[in-house]
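Trainee: fold the following for me, if possible:
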Amino acid sequence: MEQYIIKGGNPLVGEVSISGAKNAALGILAATIMANESVYISNLPDVRDINVLLEAIADTGAIVERRGRHDVRINGATINNYVVENNFIKKMRASYYLLGAMLGKYHHAEVSLPGGCDIGSRPIDQHLKGFRALGATAVVRNGMIVVDARQLVGAHIYFDMVSVGATINVMLAATMAVGRTVLENVAKEPHVVDVANLLNTMGANIKGAGTDVIRIEGVRLLHGGDYSVIPDQIEAGTFLFGAALTKGDVTVKNVIPKHLDCLTSKLREIGCEVSECDDQVRVVAKQRLRSANVKTLPYPGFPTDMQPQMTVVLALSEGTSIVTESIFENRFKYVDELRRMGAEIFVEGNSAIIRGVPELTGTPVTAPDLRAGAALVLAGLAADGVTVVDDIKFILRGYEDFAEKLQGLGGEIKLIKNEHELQKSRMMIV
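Mentor: Below you'll find the predicted structure:
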């Protein structure tokens, strides 16, 4: 039983350094096994999803050497197992990247059907469509995704929908296919670009990542290299929105401000002061914020992973706001928890109508998924009284040292590991 216990009321103030991007790192780690030489990855976030994937890679027979909390050396020359199946990997969405990597290199892979947060349907049909277009067979059998090919040959592939996972997975497979592959209607997220950049560092020939069309000239071999993961735009956004929510003043460091444009523009719209320089962004909120309408869209639109945090901010803003979720259909499961804290939010279809209230009050809540969990933590920091957030295993999957970083900004939050600690902390924090 891991929980956060939070006493709200303190503005978040100060500086916080942002970790490497989890979503980029997962694709990058899968890509490293395609070389038969050592690949060194730095700025790796120390979160559960990353550690589970590294265990899965080691189970294939690859050499995985942790060289520090945020650095790893991987060499895929010793891989002897093309079946990835364990109880941990089943709970992680990005396990499917091992399909594209092993299919590209070995022409065969079997990976457990992925899990992850229950935020809506995330079918793998576009992944399988891409693999088949390259010449592979791809079936789901006994809870496993099985892909196999005598040879992969470049193809022209148009995705029916924009999918980050399918874009990265098919790009991995096509990197070592014979001839040219053209991917259209692809995702343009920064982590797609980061995986492509890593592959190019290893000797791939990929052009157009970050645009609507990616062109790949297949290569026979990939070599080793050194690469640093980009900063996590969602972690950065979470802290910036925490400043807005608590009427604080927070500077996020080690970021790429361009990646945060869709977030900072919305923060300016609702009344925050935003300033940028080099690798940092500062947000100051001095008064109650204004209402706004938000619709989630693929990058460079407003990210679905920041929708819960935005909703919490608008729950305390003046006026009526509408948040429309166009990516995942189950991403408003946290709204009932916010209502328990006093928020006035009504969900109609894929939209949430939010009537801003002057304050929230602390109460026990449960995190239904990763980003909603982080949003509930922010709500607790802004609320009057004590909030206990249950099921924080979701949050620990994607945020490194979340409580410690919030404590460094003045937030009263503690990670609780058992009932005794909870009761003791309640007495100390109330």
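
Trainee: what ranges in the protein fall below the confidence cut-off?
Mentor: 87-88, 90-91, 93, 115-122, 419-430 (pLDDT under 70).

Trainee: Val64 contacts Leu54, doesn't it?
Mentor: Yes - using Cβ atoms under 8 Å, Val64 makes contact with Leu54 at a distance of 5.5 Å. Quick note: C-beta positions are derived from backbone N, CA and C, even for glycine.

Trainee: what is in contact with these two at once?
Mentor: Val72 (Cβ atoms under 8 Å, 6 or more residues apart in numbering).

Trainee: between the two, who's got more neighbours?
Mentor: Neighbours around Val64 and Leu54, counted as other Cβ atoms under 10 Å, are more numerous at Val64. The numbers are 21 against 17.

Trainee: right, and the helix or strand after the host helix or strand of the more buried one?
Mentor: Assigned by DSSP states H and E, Val64 belongs to strand 63-68. With elements assigned by DSSP H and E, the helix or strand that comes after strand 63-68 is strand 71-75.

Trainee: note down every partner strand of whichever helix or strand comes after that following strand and its orientation.
Mentor: Next helix or strand after strand 71-75 toward the C-terminus (DSSP H and E): strand 83-84. Strand 83-84 has the following strand partners under DSSP bridges: strand 108-112 (parallel).

Trainee: now do the strand it pairs with: distance to the chain's middle.
Mentor: How far strand 108-112 lies from its chain's middle: 23 Å, per Cα atoms, centre = their mean, to the nearest Å.

Trainee: buried residues, that strand. List them.
Mentor: Of all the residues in strand 108-112, those buried under the rule 16 or more other Cβ atoms under 10 Å are His108, Ala109, Glu110, Val111, Ser112.

Trainee: adding distance to Leu152, write these out as a markdown table.
Mentor: Converted to a markdown table, these look like this (distance: Cβ to Cβ, whole Å):
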| residue | distance to Leu152 |
| --- | --- |
| His108 | 11 |
| Ala109 | 12 |
| Glu110 | 17 |
| Val111 | 17 |
| Ser112 | 22 |
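
Trainee: sort out which residues of stretch 197-214 are buried, please.
Mentor: Of the residues in stretch 197-214, 197-204, 206, 208-210, 214 count as buried by neighbour count, 16+ other Cβ under 10 Å.

Trainee: let me know how buried Pro257 is, in neighbour terms.
Mentor: 18.

Trainee: what's the answer for the one 10 residues further on, then?
Mentor: Using other Cβ under 10 Å as the criterion, Leu267 is surrounded by 25 other residues.

Trainee: what's the strand or helix carrying it packed up against?
Mentor: Assigned by DSSP H and E, Leu267 belongs to helix 261-269. Judged by 3 or more Cβ pairs under 8 Å, 6 or more residues apart in numbering; DSSP states H and E, the packing partners of helix 261-269 are helix 233-245, strand 273-277, strand 280-284.
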